[in-house]
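Peer 1: next come a sequence and a model predicted from it.
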Amino acid sequence: MKISALIVARNEETKIRNTLESLSFTDEIIVILDRSNDGTLKICKAYTSKIFKGSWLSEGERRNFGIKKCNYDWILEVDADEIISKSLAKEIKSNLRNNSINDFHYIKLLNYVGEKPIKFGWMACLAPDGKFCLFRKKSKLWIDGRVHPQYRLDGRKGIGLSNKITHKMSRNISDLLVRLDRNSTLNAYDLKDNKTSLSRMYSIRRIFSRFIKCFILRKGYKSGEIGLLISILSAIYPFISAMKVENDIS
């Protein structure tokens, strides 16, 4: 069973090499470069000739473009800061070799801040703790949106894989805060485009409920001080996004 690896990237020269090297077990690597102006293209050329450049405002649109460029039935969709371990690669190949009826699989993420794995407390506004990123080409469709858009899955759900994707998401705390700023700005543009009512996002009750979900229900407290920080950032994310809309996004 042949598999396409799909990477969508923008200015990822400091991270993408490790990702590309970890995908050597796949049958092709498709790279979608969105408005990159650093050394990402040069690095990618050492690993694949299947590189497509363009400009997309919508994350969903550029990912759907990438899916169409894949040549094989099965696709492993990863970000430029994600690494597939040898054990996960082996599990993926074994799963597909023995799979004739399922259409998509869930793979957990292990998110890193610096060299420290943060196992608990994540919410999707900063980083998901897993995703359906192994799927048949016709079974996944992304919905329009600038940041963390939704997607639709069609077909039969397979088992979740036991090994995790290593997600080198932030180099340090400052980088984590930059991530919050970027994601809330993109979310603000989506809110503005969709003419979303902002009143609910200013709800103090909602801020506390998001904090409790992150810190208590998702066990952010087990990650110590950084778990507390992640919970606070996740709680105020909608509030910041709404403020950016009302202040004409800055």
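Peer 2: Nice, thanks for sending it over. Here the structure is a predicted model, which is why all the values come from computation and not from measurement.
Peer 1: now do the domain split for the chain, please.
Peer 2: The record assigns the chain these domain ranges, following automatic domain parsing: 3-170, 173-246.
Peer 1: residue nearest the centroid of this structure?
Peer 2: Among the residues of the chain, Asp79 comes closest to the average C-alpha position under Cα atoms, centre = their mean, at 6.0 Å.
Peer 1: look up how far Arg146 lies from that one.
Peer 2: Asp79 is 15 Å from Arg146, where distance means Cβ to Cβ, to the nearest Å. All C-beta spots, glycine's among them, are computed from the backbone N, C-alpha and C.
Peer 1: repeat for Val78
Peer 2: Note on Val78: its distance to Arg146, by Cβ to Cβ, is 20 Å.
Peer 1: when these two are compared, which one has more neighbours?
Peer 2: Each of Val78 and Arg146 has its neighbours counted (other Cβ atoms under 10 Å); Val78 has more, 25 against 20.
Peer 1: for that one, helix, strand, or coil?
Peer 2: Under DSSP: H, G, I helix; E, B strand; the rest coil, the three-state class of Val78 is strand.
Peer 1: for the lengthiest strand in the chain, packing partners?
Peer 2: Longest strand in the chain by number of residues, with DSSP state E as the criterion: strand 104-113. Where contact means 3 or more Cβ pairs under 8 Å, 6 or more residues apart in numbering; DSSP states H and E, strand 104-113 is packed against strand 116-118, strand 130-136, strand 165-170, helix 173-193.
Peer 1: list the contacts of the longest helix anywhere in the chain.
Peer 2: In the chain, taking DSSP state H as the definition, the longest helix is helix 224-246. Residues from elsewhere that reach helix 224-246 (Cβ atoms under 8 Å, 6 or more residues apart in numbering): 113, 116, 118, 120-123, 125-126, 173, 176-177, 180, 183-185, 187-188, 191-192, 198, 201-202, 206-208, 210-211, 214-215, 220-221, 223, 250.
Peer 1: buried ones among those residues?
Peer 2: Neighbour-count burial within the contacts of helix 224-246 applies to 113, 118, 120-123, 125-126, 176, 180, 183-185, 187-188, 191-192, 198, 201, 207, 210-211, 214-215, 220, 223; the criterion is 16 or more other Cβ atoms under 10 Å.
Peer 1: which parts of stretch 126-136 are buried?
Peer 2: So for stretch 126-136, counting by 16+ other Cβ under 10 Å, buried means 126-127, 129, 131-136.
Peer 1: okay, Ile84: pLDDT?
Peer 2: If you check Ile84, the pLDDT there is 98.
Peer 1: do the same with the one 4 residues further on
Peer 2: On the pLDDT scale, Leu88 is placed at 98.
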